[in-house]
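K.L.:
Please work out how this folds:
(one chain, ligands or ions: 1)
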Amino acid sequence: MAMLKNIAASRSETLRKILLDEKKNILNRLRFTDCGGTSSETRMGFEKMQDNADRSVEELLKHVDVRITSTRAEVLDLIEVALARLDEGTYGICDECGCEIPEERLHVLPFVSRCVHCQEAADRLKKIRNEADRETGSTPPEETPLTEG
Ligand SMILES: [Zn+2]
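P.N.:
Below you'll find the predicted structure:
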């Protein structure tokens, strides 16, 4: 346990830096949201990622997807939570199954609170819920009411 603690200590220093960096980035970008539209930065990053992605395109696309679908304010929240958990010593532990989230994943998405498997399951659940919402709720039925005649 003592050895594990040492590793965790140096690891958390690196990750804290990443989190604070990310936070700064988001705060900077939030200042420019008035301009509107998709930032070219996102697209450039995307292309750069594709460049060296022949190994695990899917994995990288997943990361990009999360970045785009999560609003910046949401991410900012997650970063705050992650920083708090870093202080508590529970950072990097999956919320769902309690396993250790691979450091590689934390470097790409320092604010995640789930491992890949649990995140996938959660995403799938979200998608299913969204689809169910669309089918039962917001879309009006195809049949036209009996008003003509
Ligand atoms: Zn998990």
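
K.L.:
Helices of this protein, residue ranges please.
P.N.:
If DSSP state H is used as the criterion, the helices of the chain fall at 2-30, 40-51, 57-69, 72-88, 103-108, 116-133.

K.L.:
any idea which helix or strand of the protein has the worst average confidence?
P.N.:
Among the helices and strands of the chain, helix 40-51 carries the lowest confidence by mean pLDDT, DSSP states H and E, at a mean of 51.

K.L.:
what sits against L86?
P.N.:
Neighbour list for L86: 12, 15-16, 19 [criterion: CB atoms under 8 Å, 6 or more residues apart in numbering]. Yep, even glycine has a C-beta here, placed from its N, CA and C like the rest.

K.L.:
Distance check, it against C94.
P.N.:
According to CB to CB, to the nearest Å, L86 and C94 sit 15 Å apart.

K.L.:
Ranked by average pLDDT, which of the helices of the chain falls at the bottom?
P.N.:
Across the helices of the chain, helix 40-51 has the smallest mean pLDDT, namely a mean of 51.

K.L.:
hmm, which of the contacts of L86 are the buried ones?
P.N.:
Buried members of the contacts of L86, counted by 16 or more other CB atoms under 10 Å: 12, 15-16, 19.

K.L.:
In TSV: these, plus distance to N130.
P.N.:
What follows is these, written out as TSV (distance: CB to CB, whole Å):
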residue	distance to N130
S12	35
L15	31
R16	34
L19	29
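
K.L.:
right, and out of the residues you listed, which lies closest to the ion?
P.N.:
L15 (17.7 Å; CB to the ion).

K.L.:
Need the distance between the two termini of stretch 104-117.
P.N.:
End-to-end span of stretch 104-117 (CA to CA, to the nearest Å): 15 Å.

K.L.:
If you could redo that for stretch 108-122, that was the one I meant.
P.N.:
Span of stretch 108-122 from end to end, CA to CA: 19 Å.
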